[in-house]
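Colleague: Show me how the following folds:
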Amino acid sequence: MKLSFDHLVHFLYRPPLEASDRLKKAGFHTVAGGRHESWGTYNSLSYFGLSYVEFLVVEFPDIAASAENPLVRQLVAEATVGEGMGQLAFRTDEIERWAERFEQRGYQVTGPLPGSRKREDGTFIQWKMLFAEGAEKQRRIPFLIRFAGPGSSVHSAGIFGGNYEWSSI
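Modeller: Purely as a prediction, here's the structure:
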């Protein structure tokens, strides 16, 4: 089963456009991402090749505090830690098979969870996310993502190049 690096999630506690504007001034490609309405968050993105950094912020604390998404729960829980890298995401076309594999190996699995983001132009991007947690909980496992619909392969290869075969998991 193959995985490709998709993106790094950087937690912010200020408007995400501030961070992406700094990168834009330095010559990087940045865009306003959009709202994750069911999670109470929004983001901006900075692309490096076809991979990217997602600057993720809580917009509506009440919604975010009750979100079932482990990434959003982490963002809320780590607010006192301050800004910085929150998670890594790897892309796969076999998210259900990964869920089975993690469960067979004794990991606690959350998902695949549906996700979507509303862009400023009103269009939606949809995906599924998969989270796995080991019994020791000492190291966070990157989450897996599978984009839906046309253009789902638009995030292929990227800065770290190619696909990776993870047979040890």
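Colleague: What mean pLDDT does stretch 75-91 get?
Modeller: Averaging pLDDT along stretch 75-91 yields 94.
Colleague: again but with stretch 31-38, I slipped
Modeller: The model assigns stretch 31-38 a mean pLDDT of 89.
Colleague: Identify the residues contacting that stretch?
Modeller: Stretch 31-38 is contacted from outside by 16-17, 20, 41-45, 47, 54-55, 59, 63, 67, 72, 115-120, 125, using CB atoms under 8 Å, 6 or more residues apart in numbering. All C-beta spots, glycine's among them, are computed from the backbone N, C-alpha and C.
Colleague: Kindly supply the PyMOL command isolating those of the residues you listed that are buried.
Modeller: To isolate in PyMOL the members of the contacts of stretch 31-38 that are buried, counting by 16 or more other CB atoms under 10 Å, one can use:
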select buried, resi 16+17+20+41+42+43+44+45+47+54+55+59+63+67+72+115+117+125
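Colleague: how close does Ala132 get to Phe55?
Modeller: 24 Å (CB to CB, to the nearest Å).
Colleague: Quickly list what the nearest residue to Leu75 once chain neighbours are set aside is bridged to.
Modeller: Among residues not flanking Leu75 along the chain, Phe11 sits closest, at 5.3 Å (CB to CB, 6 or more residues apart in numbering). On the basis of DSSP bridges, Phe11 is bridged to Leu56, Gly84.
Colleague: what sits against Phe11?
Modeller: Listed by CB under 8 Å, 6+ apart, the contact set of Phe11 reads Leu56, Val57, Gln74, Leu75, Glu78, Glu83, Gly84, Met85, Gly86.
Colleague: Recalculate using a threshold of 7 Å.
Modeller: Going by CB atoms under 7 Å, 6 or more residues apart in numbering, Phe11 touches Leu56, Leu75, Glu78, Glu83, Gly84, Gly86.
Colleague: from the residues you listed, which would you call buried?
Modeller: Leu56, Leu75, Gly86.
Colleague: start to end distance for stretch 111-129?
Modeller: Using CA to CA, to the nearest Å, one end of stretch 111-129 lies 6 Å from the other.
Colleague: all helices of the chain, in order?
Modeller: For the chain, the helices defined by DSSP state H occupy 16-25, 61-65, 70-77, 95-104.
Colleague: got TSV for the ones you listed, with distance to Val31 too?
Modeller: Output for those, formatted as TSV (distance: least, CB to CB, whole Å):
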stretch	distance to Val31
helix 16-25	7
helix 61-65	22
helix 70-77	20
helix 95-104	25
